[in-house]
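Engineer: My questions concern the predicted model and sequence given below.
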Amino acid sequence: MGKRRATDDCRRVEIALPPHALAARIDRAEMLRYLGYSGQEIADELAERIERIAQMCEGALAPRGAARCFCVVPAPDAPDGVPSIGLAGTTVRLRGKSAFLHLKDARFCAVLACTLGAESERRLHALAATDPLGAALFDAACSAYVEAGVSALEAEVRARAEDEGYTINWRFSPGYADLSLDVQPDLLAALDAVRGLGITCTSSHMLAPSKSVTAFVGLFDAAPAAADAPHPCSLCRLRGACSLRARGVTCAHAGEGAL
């Protein structure tokens, strides 16, 4: 992995992916998981409709994303003792033990955002008014599609990082473990995602369009420490109401994020 720059200046790390279309396809198994599938038999007619909806989604929509790399700056603990990580040149402060452990040994942090855009909302609302089952299938397809999109974006970042001589850890999003959703506006601002991708944030810190994702990964000089392994559900404040856990999956691995 031999292209490391001689300087450790984060301005020389060449990982900045402007808004662009992402090469992704809907994982049909992932779509079924969003529908609550757990091995039961699916009638041929429903299976055909699921496939038609997935193809319609892929034909009508396309995930777009952007990513940018920042220096990691450990921040002073808050008065309540909660550790945090800052990103140089931004207002981002990632508060909580989980995010701190995720990035404390990283030299840089790459922030990612991906969306299916406003058209996904328009189509979902139109279906909901006339075809509730179609709307449910389309919603699951969109969730799987944006997940595939952000995974493709993460793969692009990983390739760039390896070209620079770094390894990266797994993808971490606001709302996971003890990282609050209130960091969403700062992550969007760090990427200029409102202008570049059309992603905004509601007063309750939910992303709009709803089929949008923000995330971040750490870049390391060597392999991430074992302490950075995905944290168990027991640390997550949403574990009691998590629909993923009810289906026997978690949000701690790529391809299993909740939307």
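Structural biologist: Thanks, I have it. Everything numeric here is computed off the predicted structure, so don't read it as measured data.

Engineer: which sections of this protein are below the confidence cut-off?
Structural biologist: For the chain, the stretches flagged by pLDDT under 70 are 1-14, 224-259.

Engineer: longest strand anywhere in it?
Structural biologist: Longest strand in the chain, counting residues (DSSP state E): strand 64-75.

Engineer: quick one, helices of the stretch 101-250 of the chain?
Structural biologist: Taking DSSP state H, counting those that start in this stretch, the helices of the stretch 101-250 of the chain run over residues 118-130, 132-164, 184-191, 193-197, 243-246.

Engineer: What lies in contact with the fourth one?
Structural biologist: Think helix 193-197. By C-beta atoms under 8 Å, 6 or more residues apart in numbering, the residues outside helix 193-197 that reach it are 18-19, 64-66, 113-115, 187-188, 191, 199-200, 212, 214. Using the backbone N, CA and C atoms, a C-beta is placed for each residue, glycine as well.

Engineer: re the thing from before, quick one: the longest strand of the chain to chain centroid distance?
Structural biologist: Mean-position distance between strand 64-75 and its chain equals 13 Å (C-alpha atoms, centre = their mean, to the nearest Å).

Engineer: Give the next helix or strand downstream of it.
Structural biologist: The element immediately downstream of strand 64-75 (helix or strand, assigned by DSSP states H and E) is strand 84-87.

Engineer: does the nearest residue to residue 42 once chain neighbours are set aside sit in a helix, a strand or a coil?
Structural biologist: Residue nearest to residue 42 in three dimensions, not counting chain neighbours: residue 50, with 7.6 Å by C-beta to C-beta, 6 or more residues apart in numbering. Assigned by DSSP: H, G, I helix; E, B strand; the rest coil, the conformation of residue 50 is helix.

Engineer: if I look at residue 50, how far off is residue 71?
Structural biologist: Residue 50 is 45 Å from residue 71, where distance means C-beta to C-beta, to the nearest Å.

Engineer: what do you get for residue 222?
Structural biologist: With distances taken as C-beta to C-beta, residue 222 is found 18 Å from residue 71.
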